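Engineer: the following comprises the amino acid sequence and a computationally predicted model.
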Amino acid sequence: MYSVDCVLLLVTRYRLKSNWSGDVFDKLYQVVLKRLDDENDTVREKALGLLSTLFLQGAPESYEHRLEPSLGLVYRTLLVHLDDQNPAFQQLVLGKSRLVGWKSSSWKTLLLVKW
């Protein structure tokens, strides 16, 4: 549980100190993504919230050229977690999947064509 809190503090610190780079963002979001596999539901819920925060309002400008592939990885990971044993977590994942899906222009196109 504390690892996700620490990542949130790191994100805040890097943003405040203007050290927020694409490389830092890349490393941090991957750490948070791994926390979705944690056994503790609280950790997974916090990780889910932090992921959406990172991608919806946190990616640095220097990361824009890598945003689409990263969003694709996050989206695919979230889709795997839609089959979670915990129905409440499934619903959280569904909500965040929609948000992340709409952030990506290629996923928007795919979703609109499919529906």
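Structural biologist: It's in.

Engineer: please, where are all the helices along this structure?
Structural biologist: Per DSSP state H, the chain carries helices over the ranges 2-16, 22-34, 41-57, 67-80, 87-103, 105-114.

Engineer: those helices: lowest mean pLDDT?
Structural biologist: Here the lowest mean pLDDT among these goes to helix 105-114, at a mean of 48.

Engineer: for A59, what are phi and psi?
Structural biologist: The phi/psi pair for A59 (degrees, to the nearest 10) reads phi -70, psi 130.

Engineer: give me the neighbour count for it.
Structural biologist: A59 has 20 neighbouring residues, counting by other C-beta atoms under 10 Å. All C-beta atoms are positioned from the backbone trio N, CA, C, and that covers glycine.

Engineer: wait, it touches D26, no?
Structural biologist: No - the pair A59 / D26 is not scored as a contact, 9.7 Å apart, by C-beta atoms under 8 Å.

Engineer: skipping its backbone neighbours, what lies nearest the spatially most central residue of the chain in space?
Structural biologist: Central residue of the chain (C-alpha atoms, centre = their mean): L51, 2.7 Å from the mean position. Computed as C-beta to C-beta, 6 or more residues apart in numbering, the closest residue to L51 that is not its neighbour in sequence is V32, at 5.4 Å.

Engineer: wait, the one you found touches R44, no?
Structural biologist: No - at 10.5 Å, V32 does not count as touching R44 under the criterion of C-beta under 8 Å.

Engineer: all set, thanks.
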